[in-house]
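Student: Need coordinates for the below:
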Amino acid sequence: MNKKLFLASLLFILLLSACGNKYEGQFSFEVNDFTYTNQDGESVSKSDLDGKFWVANMIFTECPDICPPMTANMARLQKMLSEEGLDVGLISFSVDPTNDTPEVLKDYANNYGINFDNWSFLTGYTDAEIKTFLNESFKAYVDKPEGSDTVIHQSTFYLVSPEGNAINGYNGSKAEEMNKIVEDIKSMN
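Tutor: Numbering: from 1, shown residues only. As a prediction, the model looks like this:
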């Protein structure tokens, strides 16, 4: 093999290895860029989560049924991730931004004893903006019927890769699914 071909091959291999891991899951949806407001009134953006796994869900503070167990399960997940020494971000998107101000979200989260070091509750957008964002980024269904105080949304927890792609979905209302999330992250880390 001549020297130029060898160097070109070596350069090509180095370039491929620099591309990083490609995480595979049940699907791969690129999460759109975002910058929203958290429970402390601070901006949180997708770029803040670059390079690490994160888990996203959808909640609203006046939710009468599915959101309380989902939030409790996310708190359980947060504890499990900490015990495993895994640096994973947690994001809860409010699907009722009109009512869920940063202050309301903080009060809601405090009822669950949540540690905000790696978990942000986001708001600061319109109903239409979050509906579009969640549909495009996670293929998630969100609807607030006219004249209703409730929001129809999925109970899915989405695992997002360090590359910013949603790659797996889990039933957020089932505590045992939190084990699957931890095991999946550990197997890809």
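Student: show me what contacts Q78?
Tutor: Q78 makes contacts with 90, 114-115, 118-119, as judged by C-beta atoms under 8 Å, 6 or more residues apart in numbering. (Glycine included, C-beta is placed from N, CA and C.)
Student: hang on, it in a strand?
Tutor: No - secondary structure of Q78 (DSSP: H, G, I helix; E, B strand; the rest coil): helix, not part of a strand.
Student: is the residue nearest the centre of the chain in a bridge, and if so with what?
Tutor: In the chain, the centroid-proximal residue (C-alpha atoms, centre = their mean) is A56; its distance is 2.2 Å. Beta-bridge partners recorded for A56 (DSSP bridges): I91, Y158.
Student: Over to H153?
Tutor: Beta-bridge partners for H153, by DSSP bridges, are V142.
Student: can you give me the helices in this structure?
Tutor: 3-18, 67-83, 102-110, 127-138, 176-188 (DSSP state H).
Student: Okay, now the unreliable bits of this structure?
Tutor: Judged against pLDDT under 70, the low-scoring parts of the chain cover residues 1-21.
Student: Which residue is the nearest non-sequential neighbour of F116?
Tutor: Q39 (6.8 Å; C-beta to C-beta, 6 or more residues apart in numbering).
Student: neighbours of the one you found, just the number please.
Tutor: Using other C-beta atoms under 10 Å, Q39 is surrounded by 26 other residues.
Student: Quick check: the nearest residue to P64 once chain neighbours are set aside vs T101, distance?
Tutor: Using C-beta to C-beta, 6+ apart and skipping the chain neighbours, the partner closest in space to P64 is T150 (7.2 Å). As judged by C-beta to C-beta, to the nearest Å, T150 and T101 stand 18 Å apart.
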